[in-house]
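S.K.: Sequence and predicted model, in that order:
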Amino acid sequence: MRAGIMKRVVLVAVLAAFGATGCMEVEQASTGQKQGKYQGKPDGKPWDNDPLAIGAGNAKWTKGDKLSWETQVKARNNGQNEYKRIGD
Amino acid sequence: MARMKFLCDAERCIECNGCVTACKQEHEVPWGVNRRRVVTINDGVIGAEKSISVACMHCSDAPCMAVCPVDCFYRTDDGVVLHDKDLCIGCGYCFYACPFGAPQFPQAGAFGLRGKMDKCTFCAGGPEADKSEAEFKKYGRNRLAEGKLPACAEMCSTKALLGGDGDVIADIYRERVTRRGKGSEVWGWGTAYGQGKGGSAPAPAGAKS
(Lines give C-alpha, C1' and ligand atoms only; values in the text may rest on other atoms or scores of the structure.)
Protein backbone atom coordinates (compact mmCIF):
# COMPACT_ATOMS: atom_id res chain seq x y z
CA MET A 1 0.00 0.00 0.00
CA ARG A 2 2.68 2.44 1.13
CA ALA A 3 5.00 1.46 -1.75
CA GLY A 4 2.17 2.16 -4.20
CA ILE A 5 1.72 5.68 -2.85
CA MET A 6 5.46 6.28 -3.11
CA LYS A 7 5.44 5.11 -6.74
CA ARG A 8 2.61 7.50 -7.55
CA VAL A 9 4.41 10.41 -5.87
CA VAL A 10 7.61 9.70 -7.81
CA LEU A 11 5.63 9.36 -11.06
CA VAL A 12 3.85 12.69 -10.50
CA ALA A 13 7.18 14.40 -9.65
CA VAL A 14 8.82 13.05 -12.84
CA LEU A 15 5.84 14.08 -14.97
CA ALA A 16 5.83 17.53 -13.38
CA ALA A 17 9.54 17.92 -14.10
CA PHE A 18 9.03 16.99 -17.78
CA GLY A 19 5.98 19.22 -18.02
CA ALA A 20 7.85 22.21 -16.59
CA THR A 21 10.60 21.93 -19.21
CA GLY A 22 7.99 22.57 -21.88
CA CYS A 23 7.36 26.00 -20.34
CA MET A 24 11.05 27.00 -20.27
CA GLU A 25 12.20 29.92 -22.38
CA VAL A 26 15.00 28.90 -24.70
CA GLU A 27 18.04 31.21 -24.76
CA GLN A 28 17.97 33.07 -28.08
CA ALA A 29 21.53 34.39 -28.14
CA SER A 30 23.88 32.34 -30.25
CA THR A 31 26.81 32.77 -27.89
CA GLY A 32 27.22 32.57 -24.17
CA GLN A 33 29.08 35.89 -24.16
CA LYS A 34 27.57 39.19 -23.23
CA GLN A 35 26.20 40.98 -26.29
CA GLY A 36 27.25 44.55 -26.92
CA LYS A 37 30.94 43.68 -26.65
CA TYR A 38 33.34 42.75 -29.39
CA GLN A 39 32.74 39.11 -30.35
CA GLY A 40 35.62 38.55 -32.75
CA LYS A 41 39.19 37.35 -32.57
CA PRO A 42 41.75 39.17 -30.43
CA ASP A 43 44.21 41.42 -32.24
CA GLY A 44 47.93 41.83 -31.65
CA LYS A 45 49.61 45.04 -30.54
CA PRO A 46 51.83 46.91 -33.01
CA TRP A 47 54.61 47.25 -30.44
CA ASP A 48 54.77 43.46 -30.06
CA ASN A 49 56.54 43.25 -33.42
CA ASP A 50 60.20 43.59 -34.21
CA PRO A 51 61.15 46.75 -36.07
CA LEU A 52 62.00 46.25 -39.72
CA ALA A 53 65.66 45.51 -40.31
CA ILE A 54 65.80 47.93 -43.24
CA GLY A 55 63.69 50.95 -44.13
CA ALA A 56 60.92 52.73 -42.24
CA GLY A 57 63.30 55.61 -41.60
CA ASN A 58 65.46 53.49 -39.31
CA ALA A 59 62.49 52.84 -37.04
CA LYS A 60 63.69 51.57 -33.71
CA TRP A 61 61.79 50.39 -30.67
CA THR A 62 62.05 47.59 -28.18
CA LYS A 63 59.73 44.69 -28.93
CA GLY A 64 56.89 44.66 -26.41
CA ASP A 65 57.64 48.14 -25.09
CA LYS A 66 54.69 50.36 -25.88
CA LEU A 67 56.40 53.57 -24.78
CA SER A 68 59.36 53.11 -27.10
CA TRP A 69 57.02 52.34 -30.01
CA GLU A 70 55.01 55.48 -29.29
CA THR A 71 58.19 57.53 -29.17
CA GLN A 72 59.20 56.15 -32.57
CA VAL A 73 55.77 56.84 -34.10
CA LYS A 74 55.72 60.34 -32.61
CA ALA A 75 59.11 61.09 -34.14
CA ARG A 76 57.84 59.87 -37.50
CA ASN A 77 54.66 61.86 -37.00
CA ASN A 78 56.65 65.05 -36.65
CA GLY A 79 58.06 64.35 -40.10
CA GLN A 80 54.73 65.68 -41.37
CA ASN A 81 55.59 69.08 -39.94
CA GLU A 82 57.60 70.81 -42.66
CA TYR A 83 58.49 73.66 -40.28
CA LYS A 84 60.46 71.13 -38.25
CA ARG A 85 61.53 68.88 -41.12
CA ILE A 86 63.04 71.48 -43.42
CA GLY A 87 63.01 74.52 -41.16
CA ASP A 88 61.66 77.98 -41.88
CA MET B 1 48.66 57.09 -24.85
CA ALA B 2 48.51 57.76 -28.56
CA ARG B 3 45.07 58.35 -30.03
CA MET B 4 45.28 58.01 -33.78
CA LYS B 5 43.39 60.57 -35.87
CA PHE B 6 43.26 62.05 -39.36
CA LEU B 7 43.02 65.75 -40.12
CA CYS B 8 42.68 67.25 -43.59
CA ASP B 9 43.64 70.87 -44.17
CA ALA B 10 41.19 72.20 -46.77
CA GLU B 11 43.47 75.18 -47.41
CA ARG B 12 46.16 72.86 -48.70
CA CYS B 13 44.33 70.00 -50.41
CA ILE B 14 44.73 70.31 -54.19
CA GLU B 15 42.47 67.36 -55.12
CA CYS B 16 45.36 65.39 -56.58
CA ASN B 17 43.91 62.10 -55.27
CA GLY B 18 47.41 60.99 -54.29
CA CYS B 19 46.02 59.75 -50.95
CA VAL B 20 43.39 57.66 -52.73
CA THR B 21 45.99 56.14 -55.02
CA ALA B 22 48.44 55.52 -52.18
CA CYS B 23 45.75 53.67 -50.23
CA LYS B 24 44.64 51.59 -53.20
CA GLN B 25 48.20 50.64 -54.00
CA GLU B 26 49.36 49.96 -50.45
CA HIS B 27 46.50 47.61 -49.59
CA GLU B 28 45.68 46.28 -53.05
CA VAL B 29 42.10 47.41 -52.53
CA PRO B 30 39.76 45.73 -55.04
CA TRP B 31 38.01 47.50 -57.90
CA GLY B 32 34.91 49.34 -56.77
CA VAL B 33 36.08 49.84 -53.19
CA ASN B 34 37.55 53.17 -52.09
CA ARG B 35 38.70 53.30 -48.53
CA ARG B 36 39.56 56.97 -49.06
CA ARG B 37 38.24 59.57 -51.45
CA VAL B 38 38.53 63.30 -52.07
CA VAL B 39 35.40 65.42 -51.81
CA THR B 40 35.29 68.84 -53.49
CA ILE B 41 32.74 71.55 -52.88
CA ASN B 42 32.08 74.62 -55.07
CA ASP B 43 33.94 72.89 -57.88
CA GLY B 44 35.22 75.43 -60.38
CA VAL B 45 34.15 78.49 -58.41
CA ILE B 46 37.22 80.68 -58.14
CA GLY B 47 38.19 81.31 -54.54
CA ALA B 48 35.45 79.12 -53.12
CA GLU B 49 36.57 75.67 -54.19
CA LYS B 50 37.61 73.47 -51.28
CA SER B 51 38.65 69.83 -51.21
CA ILE B 52 39.08 67.44 -48.35
CA SER B 53 40.20 63.85 -48.20
CA VAL B 54 37.72 61.62 -46.37
CA ALA B 55 37.94 58.11 -44.96
CA CYS B 56 37.09 56.43 -41.67
CA MET B 57 37.75 59.03 -38.96
CA HIS B 58 38.20 56.39 -36.25
CA CYS B 59 35.59 58.06 -34.05
CA SER B 60 36.03 57.99 -30.30
CA ASP B 61 32.35 57.05 -29.98
CA ALA B 62 31.91 55.25 -33.28
CA PRO B 63 28.30 54.88 -34.49
CA CYS B 64 29.24 51.88 -36.65
CA MET B 65 30.31 50.10 -33.51
CA ALA B 66 27.05 50.95 -31.79
CA VAL B 67 24.76 49.66 -34.53
CA CYS B 68 26.61 46.50 -35.59
CA PRO B 69 24.25 43.57 -34.89
CA VAL B 70 27.08 41.04 -34.64
CA ASP B 71 29.49 43.22 -32.62
CA CYS B 72 32.34 42.80 -35.06
CA PHE B 73 33.95 46.21 -34.31
CA TYR B 74 36.63 46.94 -31.76
CA ARG B 75 38.91 49.80 -30.84
CA THR B 76 42.64 49.25 -30.42
CA ASP B 77 44.69 50.68 -27.57
CA ASP B 78 45.79 53.52 -29.83
CA GLY B 79 42.23 54.47 -30.77
CA VAL B 80 41.92 52.82 -34.19
CA VAL B 81 38.46 51.41 -35.01
CA LEU B 82 38.79 48.02 -36.71
CA HIS B 83 36.49 45.10 -37.45
CA ASP B 84 36.58 41.33 -37.81
CA LYS B 85 35.62 40.30 -41.35
CA ASP B 86 35.02 36.74 -40.23
CA LEU B 87 32.08 37.99 -38.17
CA CYS B 88 30.75 40.68 -40.50
CA ILE B 89 27.49 39.69 -42.22
CA GLY B 90 27.53 42.58 -44.72
CA CYS B 91 24.19 43.95 -43.52
CA GLY B 92 25.15 47.57 -44.23
CA TYR B 93 23.91 49.05 -40.93
CA CYS B 94 27.34 50.61 -40.39
CA PHE B 95 27.13 52.30 -43.78
CA TYR B 96 23.89 54.03 -42.79
CA ALA B 97 25.23 54.96 -39.37
CA CYS B 98 28.55 56.40 -40.54
CA PRO B 99 28.47 60.19 -41.13
CA PHE B 100 31.50 59.93 -43.44
CA GLY B 101 30.35 57.11 -45.73
CA ALA B 102 33.46 55.17 -44.76
CA PRO B 103 32.17 51.56 -44.88
CA GLN B 104 32.50 50.06 -48.35
CA PHE B 105 30.93 46.89 -49.71
CA PRO B 106 32.57 45.00 -52.56
CA GLN B 107 30.05 43.96 -55.19
CA ALA B 108 31.88 41.24 -57.05
CA GLY B 109 29.00 38.86 -57.64
CA ALA B 110 27.00 38.64 -60.87
CA PHE B 111 23.84 39.67 -59.02
CA GLY B 112 25.26 42.63 -57.12
CA LEU B 113 25.99 40.66 -53.98
CA ARG B 114 26.97 42.79 -51.03
CA GLY B 115 30.19 41.42 -49.60
CA LYS B 116 31.70 41.89 -46.19
CA MET B 117 32.37 45.46 -45.17
CA ASP B 118 35.73 47.00 -45.97
CA LYS B 119 37.05 50.29 -44.63
CA CYS B 120 40.14 52.28 -43.77
CA THR B 121 42.17 50.52 -41.09
CA PHE B 122 44.52 53.44 -40.36
CA CYS B 123 47.05 51.01 -41.88
CA ALA B 124 46.73 48.91 -38.72
CA GLY B 125 45.62 45.61 -40.29
CA GLY B 126 43.02 43.61 -38.41
CA PRO B 127 42.48 40.66 -36.08
CA GLU B 128 44.90 38.28 -37.76
CA ALA B 129 48.58 37.67 -36.97
CA ASP B 130 50.45 40.93 -37.58
CA LYS B 131 52.11 41.22 -40.99
CA SER B 132 50.73 37.82 -42.05
CA GLU B 133 49.40 36.89 -45.48
CA ALA B 134 45.89 36.45 -44.05
CA GLU B 135 45.96 39.92 -42.53
CA PHE B 136 47.11 41.48 -45.80
CA LYS B 137 44.44 39.72 -47.85
CA LYS B 138 41.59 40.67 -45.54
CA TYR B 139 42.62 44.07 -44.22
CA GLY B 140 45.71 45.27 -46.06
CA ARG B 141 49.18 46.14 -44.88
CA ASN B 142 49.88 46.72 -41.20
CA ARG B 143 52.11 49.77 -41.31
CA LEU B 144 51.71 50.60 -37.62
CA ALA B 145 53.33 47.27 -36.77
CA GLU B 146 56.26 48.40 -38.94
CA GLY B 147 56.56 51.66 -37.02
CA LYS B 148 55.07 53.66 -39.88
CA LEU B 149 52.00 55.86 -40.27
CA PRO B 150 49.12 55.62 -42.80
CA ALA B 151 50.31 55.65 -46.41
CA CYS B 152 47.78 58.30 -47.47
CA ALA B 153 49.05 60.88 -44.98
CA GLU B 154 52.71 60.10 -45.51
CA MET B 155 52.29 60.29 -49.30
CA CYS B 156 50.38 63.59 -49.28
CA SER B 157 52.45 65.99 -51.38
CA THR B 158 51.19 69.19 -49.78
CA LYS B 159 50.84 67.66 -46.32
CA ALA B 160 47.18 68.64 -46.34
CA LEU B 161 46.31 65.25 -44.91
CA LEU B 162 47.84 64.66 -41.50
CA GLY B 163 47.58 61.31 -39.76
CA GLY B 164 48.91 60.07 -36.46
CA ASP B 165 48.69 60.81 -32.76
CA GLY B 166 45.90 63.35 -32.31
CA ASP B 167 47.97 65.55 -30.01
CA VAL B 168 50.88 65.72 -32.45
CA ILE B 169 48.82 66.49 -35.55
CA ALA B 170 46.82 69.06 -33.58
CA ASP B 171 50.11 70.78 -32.71
CA ILE B 172 51.27 70.66 -36.34
CA TYR B 173 47.98 72.12 -37.56
CA ARG B 174 47.90 74.74 -34.84
CA GLU B 175 51.38 75.94 -35.70
CA ARG B 176 50.49 76.03 -39.38
CA VAL B 177 47.31 78.04 -38.82
CA THR B 178 49.12 80.46 -36.53
CA ARG B 179 51.83 81.08 -39.08
CA ARG B 180 49.63 81.58 -42.08
CA GLY B 181 46.95 83.33 -40.08
CA LYS B 182 43.98 81.69 -41.74
CA GLY B 183 42.31 78.38 -42.36
CA SER B 184 41.14 77.53 -38.90
CA GLU B 185 37.66 78.87 -39.58
CA VAL B 186 37.04 76.00 -41.98
CA TRP B 187 36.80 73.55 -39.12
CA GLY B 188 35.76 75.85 -36.31
CA TRP B 189 39.07 75.38 -34.59
CA GLY B 190 38.28 77.64 -31.67
CA THR B 191 35.03 75.80 -31.02
CA ALA B 192 36.58 72.37 -31.18
CA TYR B 193 39.97 72.89 -29.56
CA GLY B 194 40.02 76.30 -27.93
CA GLN B 195 42.94 78.68 -28.22
CA GLY B 196 46.14 76.73 -28.56
CA LYS B 197 49.49 77.47 -27.05
CA GLY B 198 50.27 79.43 -30.22
CA GLY B 199 47.60 81.89 -29.16
CA SER B 200 45.63 83.96 -31.60
CA ALA B 201 48.45 85.77 -33.32
CA PRO B 202 47.30 88.34 -35.87
CA ALA B 203 47.39 87.21 -39.46
CA PRO B 204 50.44 88.42 -41.36
CA ALA B 205 49.54 90.42 -44.43
CA GLY B 206 49.42 88.33 -47.58
CA ALA B 207 49.84 85.07 -45.73
CA LYS B 208 50.08 82.00 -47.92
CA SER B 209 48.72 78.54 -47.27
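M.R.: Great, that's in hand.
S.K.: Could you list the low-pLDDT ranges of chain B?
M.R.: Within chain B, the segments meeting pLDDT under 70 span B:1, B:109-112, B:182-209.
S.K.: Tell me where it has helices.
M.R.: Assigned by DSSP state H, the helices in chain B fall at B:18-27, B:63-67, B:93-97, B:133-139, B:151-155, B:166-180, B:189-193.
S.K.: Near chain B, which residues of chain A are found?
M.R.: A:35-46, A:48-49, A:51-52, A:56, A:59-61, A:66, A:69-70, A:72-74, A:76-83 (CB under 8 Å from any CB of the partner chain). All C-beta atoms are positioned from the backbone trio N, CA, C, and that covers glycine.
S.K.: Please work out which of the helices of chain B is packed deepest.
M.R.: Of all the helices of chain B, helix B:151-155 has the most neighbours on average by mean count of other CB atoms under 10 Å in any protein chain shown, namely a mean of 22.
S.K.: All the strands of chain B, residue numbers only.
M.R.: B:4-8, B:37-41, B:50-54, B:73-75, B:81-83, B:161-165 (DSSP state E).
S.K.: Contact partners for the one residue sitting closest to the centre of chain B?
M.R.: Centre of chain B computed as the mean C-alpha position; nearest residue by CA atoms, centre = their mean is B:Ala55, 3.8 Å away. Contacts for B:Ala55 were tallied using CB atoms under 8 Å, 6 or more residues apart in numbering or on different chains; they are B:Phe6, B:Cys23, B:Arg35, B:Arg36, B:Arg37, B:Phe100, B:Ala102, B:Lys119, B:Cys120, B:Cys152.
S.K.: quick one, phi psi at it?
M.R.: Backbone torsions of B:Ala55, given as degrees, to the nearest 10, read phi -150, psi -160.
S.K.: Compute the number of surrounding residues for residue 76.
M.R.: I went with chain A, as the question did not name one. 19 (other CB atoms under 10 Å in any protein chain shown).
S.K.: Correction: the question concerned chain B.
M.R.: With neighbours defined by other CB under 10 Å, the count for B:Thr76 comes to 21.
S.K.: who touches stretch B:163-172?
M.R.: For stretch B:163-172, contacts defined as CB under 8 Å, 6+ apart pick out A:70, A:73-74, A:76-78, A:80-81, B:2-7, B:79, B:122, B:149-150, B:152-154, B:162, B:193, B:196.
S.K.: go on, stretch B:135-144?
M.R.: Taking CB under 8 Å, 6+ apart as the rule, stretch B:135-144 contacts A:46, A:73, B:26-29, B:78, B:80, B:82, B:85, B:121-126, B:128-131, B:149-151.
S.K.: Can you flag the buried ones in the residues you listed?
M.R.: Those of the contacts of stretch B:135-144 that meet the buried threshold are A:46, A:73, B:26-27, B:29, B:78, B:80, B:82, B:85, B:121-126, B:128, B:130-131, B:149-151, by 16 or more other CB atoms under 10 Å in any protein chain shown.
S.K.: chain center to the helix or strand where A:Ala20 lies, what's the gap?
M.R.: Using DSSP states H and E, the element containing A:Ala20 is helix A:2-21. Computed by CA atoms, centre = their mean, to the nearest Å, the chain-centroid distance of helix A:2-21 equals 46 Å.
S.K.: Can I get the helices of chain B in JSON lines including distance to A:Leu11?
M.R.: Formatted as JSON lines, these follow (distance: least, CB to CB, whole Å):
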{"stretch": "helix B:18-27", "distance to A:Leu11": "68"}
{"stretch": "helix B:63-67", "distance to A:Leu11": "53"}
{"stretch": "helix B:93-97", "distance to A:Leu11": "53"}
{"stretch": "helix B:133-139", "distance to A:Leu11": "58"}
{"stretch": "helix B:151-155", "distance to A:Leu11": "74"}
{"stretch": "helix B:166-180", "distance to A:Leu11": "71"}
{"stretch": "helix B:189-193", "distance to A:Leu11": "74"}
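S.K.: ok, back up a step: from the contacts of B:Ala55, which is closest to B:Tyr74?
M.R.: Set against B:Tyr74, the nearest of the contacts of B:Ala55 by CB to CB is B:Lys119 (13.2 Å).
S.K.: tell me the mean pLDDT over the helix holding A:Ala20?
M.R.: Here helix A:2-21 scores 81 as its mean pLDDT.
S.K.: Could you tell me the angle between the following helix or strand past it and strand B:4-8?
M.R.: Using DSSP H and E, the helix or strand that follows helix A:2-21 towards the C-terminus is helix A:66-77. Interaxial angle of helix A:66-77 relative to strand B:4-8 (axes from the mean of the first three to the mean of the last three CA atoms, to 10 degrees): 10 degrees.
S.K.: Helix A:66-77 - contacts with which helices or strands?
M.R.: Helices and strands touching helix A:66-77, by 3 or more CB pairs under 8 Å, 6 or more residues apart in numbering or on different chains; DSSP states H and E, are strand B:161-165, helix B:166-180.
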